[in-house]
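[1] coordinates only, sequence not included:
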């Protein structure tokens, strides 16, 4: 599975837009990009998944350039409750049974 | 719809004892996964069930760990005998085996925090 690289930490203030970029230079043709969020003492929670271009849901947007070697998770108008660890994962997620490979993630701290 | 549940939420045992963790997946989910995070490390895959069958147990650390999913519903993960390095958080996840054109989303439980003294 493709290795991912993302910043260890980011700081933001309430109401700002936060963009977390993930590099995955060795992404395979059949790989998807998935982002999970994890709060302390909880399991990872699925946020968004995409293959190319842009995907948007009620929580976030995911921007994927044409070469797919990177992706950006965009969180609009963050609040204190968005303080969490965000993981970028890459793999053939159109197939059930794919083991998720978690890195260290990006620890986002939102302040008032 | 109930999410993935795990029991117990915390377990403290002594080295050499046995502990059994339980996971109840989302109803109807054929796929069940176990992961764990040991202190200071990333979350690591342990194994994957499809219904009652083990599909991939490449992440199981050693033969002190035994996972079962009798009847294809809930799963148990037994550690016997427990060692100090087994301390960590054990997560369970489940996913529905959807049509080939759909993507597979894994839903995680809250985890069981295991402390071996």
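    Noted; the coordinates are in hand. The structure displayed is predicted, hence computed values, not measured ones. Numbers count the residues shown, from 1 in each chain, chains lettered A, B, ... in the order given.
[2] now do the same end-to-end measure for stretch A:37-52.
    21 Å (C-alpha to C-alpha, to the nearest Å).
[3] bridging residues for the residue nearest in space to the middle of chain A?
    With distances taken as C-alpha atoms, centre = their mean, chain A has residue A:35 as the residue nearest its mean C-alpha position (3.3 Å). Assessed by DSSP bridges, residue A:35 has beta-bridge partners residue A:48, residue A:88.
[4] quick one: buried residues of the helix or strand of chain B with the lowest mean pLDDT?
    Taking mean pLDDT, DSSP states H and E as the measure, the helix or strand of chain B with the lowest value is strand B:53-56, at a mean of 92. The neighbour-count criterion (16 or more other C-beta atoms under 10 Å in any protein chain shown) identifies B:55-56 as the buried residues of strand B:53-56. Glycine gets a C-beta too; all of them are placed from N, C-alpha and C.
[5] so how far is that strand from its chain's centroid?
    For strand B:53-56, the distance between its averaged C-alpha position and the chain's averaged C-alpha position is 13 Å (C-alpha atoms, centre = their mean, to the nearest Å).
[6] for it, name the packing helices and strands.
    Packed against strand B:53-56, as judged by 3 or more C-beta pairs under 8 Å, 6 or more residues apart in numbering or on different chains; DSSP states H and E, are the following elements: strand B:44-50.
[7] what about residue 33, which helix or strand?
    In the absence of a named chain, this looks at chain A. Of the helices and strands defined by DSSP states H and E, residue A:33 is found in strand A:32-38.
[8] the intended chain is chain B.
    Assigned by DSSP H and E, residue B:33 falls in strand B:31-38.
[9] any idea which residue sits dead centre in chain B?
    Most central in chain B under C-alpha atoms, centre = their mean is residue B:34, positioned 2.9 Å from the mean C-alpha point.
[10] pull the contacting residues for it.
    Contact analysis of residue B:34 by C-beta atoms under 8 Å, 6 or more residues apart in numbering or on different chains lists B:23, B:45-47, B:67, B:75, B:77, B:90-92.
[11] so how far is residue B:75 from the residue nearest to it when sequence neighbours are not counted?
    For residue B:34, the nearest residue in space outside its immediate sequence neighbours is residue B:46; the separation is 4.1 Å by C-beta to C-beta, 6 or more residues apart in numbering or on different chains. Here residue B:46 is placed at a distance of 11 Å from residue B:75 (C-beta to C-beta, to the nearest Å).
[12] any common contacting residues for these two?
    Looking at what touches both residue B:46 and residue B:75 (by C-beta under 8 Å, 6+ apart), the common residues are B:34, B:67.
[13] and the residue nearest to residue B:34, what does it touch?
    If a contact means C-beta under 8 Å, 6+ apart, then residue B:46 has B:33-36, B:57, B:59-61, B:65, B:67, B:77 as its contacts.
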